[in-house]
Each structure stands twice: as C-alpha cells, then as structure tokens.
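Student: Need a 3D model of the following:
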Amino acid sequence: QVQLVESGGGSVQAGGSLRLSCAASGRTFSRYVMGWFRQAPGQEREFVAAISWSGVSTIYADSVKGRFTISRDNAKNTVYLQMNSPKPEDTAVYYCATGNRLGIGLLEYDYWGQGTQVTVSS
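Tutor: Next up is the predicted model:
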C-alpha cells in the first residue's frame, strides 16, 4: 500500500520561506516521479513542480519558477518543496503525488497524499 505523508505546511509571511516534505512508503521510491500540486479554495488542483526518479530532471509551473525548488532524497524516501519568496496567491493546500511519467497532468500521477495547508500573509 502506497502512502504519501506531507508535512511542513503552516503560515508564512510573504517574502519568507517554507519547506514542505513528503515521506513515501509502499513502493520503490527511487523508481518513480514525484510531483507537487496545490489547490486553493474554489479552484481546481494545479501543477506546481515535479522531479524525475533520479532527480536530474525537474519541471515547474511558470507561476513558481525561480522561487520554488523541488528536490528528493531517495535514501530517505522523501521529496521536498522549498518555497522562497512566497506570495499570498501561493496560499493553498499542497499535495504530493507519485507517478511513472514526468508531467504536469493530474492523471499522470496515481497516488496522492492528504495535503498540507500553506497560508501566505501579506
């Protein structure tokens, strides 16, 4: 049974920083793509960032490029999202997900975590 557990969410001021973590279990972590998505109230879930199984390749949504960094530690079965200079519009529930393909679509990921709330105040 695959489990993804996010942590590190909370409240942060605009311009600060926050690091999200997602601990995975139940599958060989190092063989799979990991992604971060987010969902704000009343909006659809959207892609934030993803990283290949090796960590060599990463992709980002234009809205976070240059501010957020995705990374992974395969020895710890954990993926991270470093959020620098967050903005109020980054406020959302953040979800990690795992899949077979490095992509931006929700359907490319087959397991999801429960999410962690991030609130950015101005």
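
Student: now the residue nearest the centre of the chain, what's its secondary structure?
Tutor: With distances taken as C-alpha atoms, centre = their mean, residue 36 lies nearest the centre of the chain, 2.4 Å away. When classified by DSSP: H, G, I helix; E, B strand; the rest coil, residue 36 comes out as strand.

Student: gap between it and residue 122?
Tutor: 23 Å (C-beta to C-beta, to the nearest Å). Backbone N, C-alpha and C define where each C-beta goes, glycine included.

Student: what's the closest non-adjacent residue to the residue nearest to the centre of the chain?
Tutor: Leaving aside its sequence neighbours, residue 36 sits nearest to residue 48 (C-beta to C-beta, 6 or more residues apart in numbering; 4.3 Å).

Student: Wasn't that neighbour part of a strand?
Tutor: Yes - assessed with three-state DSSP, residue 48 lies in a strand.

Student: Could you pull up the residues touching it?
Tutor: 35-38, 60-61, 64, 68, 81, 94 (C-beta atoms under 8 Å, 6 or more residues apart in numbering).

Student: Report the two of those residues separated the most.
Tutor: The most widely separated members of the contacts of residue 48, counting by C-beta to C-beta, are 60 and 94 (14.0 Å).

Student: okay, those two: which has more neighbours?
Tutor: residue 94 (23 against 19; other C-beta atoms under 10 Å).

Student: Which helix or strand contains that one?
Tutor: Element membership of residue 94 [criterion: DSSP states H and E] is strand 92-99.

Student: contacting residues around residue 15?
Tutor: Contacts of residue 15 by C-beta under 8 Å, 6+ apart are 85-86.

Student: Look at it and report its pLDDT.
Tutor: Note on residue 15: pLDDT of 94.

Student: Could you do residue 30 as well?
Tutor: 88.

Student: Check the secondary structure at residue 30 for me.
Tutor: Strictly by three-state DSSP, residue 30 counts as helix.

Student: circling back: which residues does the residue nearest to the centre of the chain contact?
Tutor: Counting by C-beta under 8 Å, 6+ apart, residue 36 touches 20, 22, 48-50, 70, 79, 81, 94-97.
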